[in-house]
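>>> Dropping a prediction and its sequence here:
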Amino acid sequence: MIGRLVVLGATGDLAGRFLLPALARLLAASGVPADLRVVGGGHQGWTEAEFQAHVDARLRAHAGDLADAAREDLVARLGYGQVDVSDEDGVARLVDRVRGEDTPIDPAVAVYLALPAVAFPPALRSLVAVGLPAGSRVAVEKPFGDDRAGAVALDRLLAAAAGDGEASRFRVDHILAMPQVEELVRLRAPGGPLAPIWDAEHVARIEVVWEETLGLETRGAFYDGTGAVRDVMQNHLLQVLVLALMEPPQGDGDEALHAAKLALLRAVREPDAPQMADRTRRARYGAGVLVDAAEPQGRPVPGYAAVSGVDPARGTETWAEVTLEVATPRWTGVPVVLRTGKGMGAPRKGVLVHLRHDVDVPLPAEVRTPTPRTLWVELDSPGGAVHAPGELVAYAAVLTDVLGGGSRTSVTGAEAVEAWRVFEPVLRAWADGVVPLEEYAAGSTGPSADYGRRPGAEGGRVGEQPDVRTTRARPTDGRAVGGLPGHP
């Protein structure tokens, strides 16, 4: 396991909310080398003591249950240097510092780019100039490029910085390690409770939903160059689709898992040009009132187009819905709807399965039944907390993989290219004005559902889901949905 870690962007939100709290938990559990060294780089001109004080405060805020000794252990290990990631000499100083001068051999280094995607190319070019030791790894966060060409270009830079082979390149998608996502995989796996009905014979439609109450008042400049598809749908939601619908891997190792995921991705069919207006929607939120844990009485917010840093003419979507198909024997004929939105009235993150008929299978507590012919599996911690414990668990798994050589929480280069193959035509059609930009009030359930029937929406329109937020989980007592025999 690698015992030297450089975090570029160490003063940012990702590092402070997730990476460093997760690392502190791993240290407390002896999940990383005892001699682990960590050096952070950021644009603030802080002293090392000031950086350590900053991290101490972030740990208290986002990992408050940590023992004092565990928090102090990480803080004491931290080095810091102000750096511009395009400055090769500055990056080299950080890498040299984490290597140390008291080791008999040149140790491998893990470099985590906790940076905006626009900073990846200059940071990677600096790492190319530095020349990392053999066995080093470089980790980047999504999105992996802006399109297929961008994904390929990023992969080339990663290879130049970290070395050939997927083992050296880590494309983080933390949703792969979310406990609820792992539970979904267990539920549908061979022998799992959903396995007897997990096919087109029993399933009429699947919806993967990721709706957040989060507004964008302070993130307009970042989000306006991203949008809902690039931010969540093209990566997080597509990965959930893949894990839910792929065939069982032909082996237990990471390579077998990635092979199964890639096979499913290659079978995903995006809407063709004549279908684009019927099978995709985009919208942005207008002025309204958002309710969250911090302000349960609600707070007025401006429309997204009025947020500082936003160019209204750009037409960036804060809500998106895309209907895909999967051309495999198991899933042919089953529409799969991906939906995500910001500024919603309530958090809702999960997989909603519409059944063709009543079935008779025992259901565990993790599977809710909003109606006799729908199943709901939650993908987030209850309540959709901003600092969800599941995300800290996920980032602990990510860091374990980055330092330990695993790849279950990483997306391969081929997967990244296939993901853009699916969504490039959608984004191109939207840029060409094929699909109008709708509007919904902040704090609402999203755009009106009165827009015609969607593929596979028999018995109701997409967007008219049962209220899964108030449905009680079923006990694990073997009770079943409906009364017809299940599929053997």
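Here it is on my side, so go on.

>>> Find me the pLDDT at residue 471, would you?
The model reports residue 471 with a pLDDT of 34.

>>> should've said residue 280
On the pLDDT scale, residue 280 is placed at 98.

>>> and if you look at residue 478?
Among the per-residue scores, residue 478 shows a pLDDT of 34.

>>> Let's see the lowest-mean-pLDDT helix or strand in the chain as PDB, backbone CA atoms only.
Taking mean pLDDT, DSSP states H and E as the measure, the helix or strand of the chain with the lowest value is helix 220-223, at a mean of 88. Output for helix 220-223, consisting of C-alpha atoms alone and laid out as PDB, is shown next (Å, rounded to 0.1, in the frame of the first residue of the first chain):
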ATOM      1  CA  GLY A 220     -23.200  29.600 -10.400                       C
ATOM      2  CA  ALA A 221     -19.800  30.200 -12.100                       C
ATOM      3  CA  PHE A 222     -18.800  26.600 -11.700                       C
ATOM      4  CA  TYR A 223     -22.100  25.100 -12.500                       C
END
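
>>> and after it, which helix or strand comes next?
Remark: after helix 220-223, the chain's next helix or strand is helix 227-228, criterion DSSP states H and E.

>>> counting contacts, what elements does that next one pack onto?
strand 319-326 (3 or more Cβ pairs under 8 Å, 6 or more residues apart in numbering; DSSP states H and E). All C-beta spots, glycine's among them, are computed from the backbone N, C-alpha and C.

>>> Contacts for the helix or strand that the strand it packs on is followed by next, please.
Moving toward the C-terminus from strand 319-326, the next helix or strand (DSSP H and E) is strand 336-341. Where contact means Cβ atoms under 8 Å, 6 or more residues apart in numbering, the residues beyond strand 336-341 that reach it are 205-212, 228, 231-233, 237-238, 241, 245, 283, 285, 318-326, 440, 446, 454, 456, 462-463.

>>> domains in this protein, as residue ranges please.
Following automatic domain parsing, the chain resolves into domains at 4-172, 176-389+412-441.

>>> and of the ones you listed, who's closest to residue 405?
Closest to residue 405 of those is domain 4-172 (Cβ to Cβ; 6.5 Å).

>>> avg pLDDT for that closest one?
94.

>>> what's the first-to-last distance across that domain?
When the termini of domain 4-172 are compared using Cα to Cα, to the nearest Å, they are 18 Å apart.

>>> from the middle of its chain, how far away would it be?
The gap between the average C-alpha position of domain 4-172 and the chain average comes to 19 Å, counting by Cα atoms, centre = their mean, to the nearest Å.

>>> Same question for stretch 246-257.
For stretch 246-257, the distance from its own C-alpha centre to the chain's C-alpha centre is 21 Å (Cα atoms, centre = their mean).

>>> Give me the neighbour count for the closest residue to residue 158 other than its chain neighbours.
Ranked by Cβ to Cβ, 6 or more residues apart in numbering and with sequence neighbours excluded, the top spatial neighbour of residue 158 is residue 169, at 4.2 Å. With neighbours defined by other Cβ atoms under 10 Å, the count for residue 169 comes to 24.

>>> mind checking how far residue 169 is from residue 40?
Computed as Cβ to Cβ, to the nearest Å, the residue 169 to residue 40 distance reads 22 Å.

>>> Residue 203 too?
Look at residue 203 and residue 40: by Cβ to Cβ, they are 47 Å apart.

>>> which one of the two has more residues nearby?
The residue with more neighbours, out of residue 203 and residue 40, is residue 40; 30 against 23, by other Cβ under 10 Å.

>>> For that one, which non-adjacent residue is closest in space?
Closest residue in space to residue 40, ignoring its immediate chain neighbours: residue 10 at 2.7 Å, by Cβ to Cβ, 6+ apart.

>>> in what helix or strand does residue 243 lie?
For residue 243, the enclosing helix or strand under DSSP H and E is helix 238-245.

>>> angle of that helix against strand 336-341?
Inter-element angle recorded for helix 238-245 and strand 336-341: 150 degrees (by axes from the mean of the first three to the mean of the last three Cα atoms, to 10 degrees).

>>> Go through helix 238-245 and flag the buried ones.
Using 16 or more other Cβ atoms under 10 Å as the test for burial, helix 238-245 gives 238-245.
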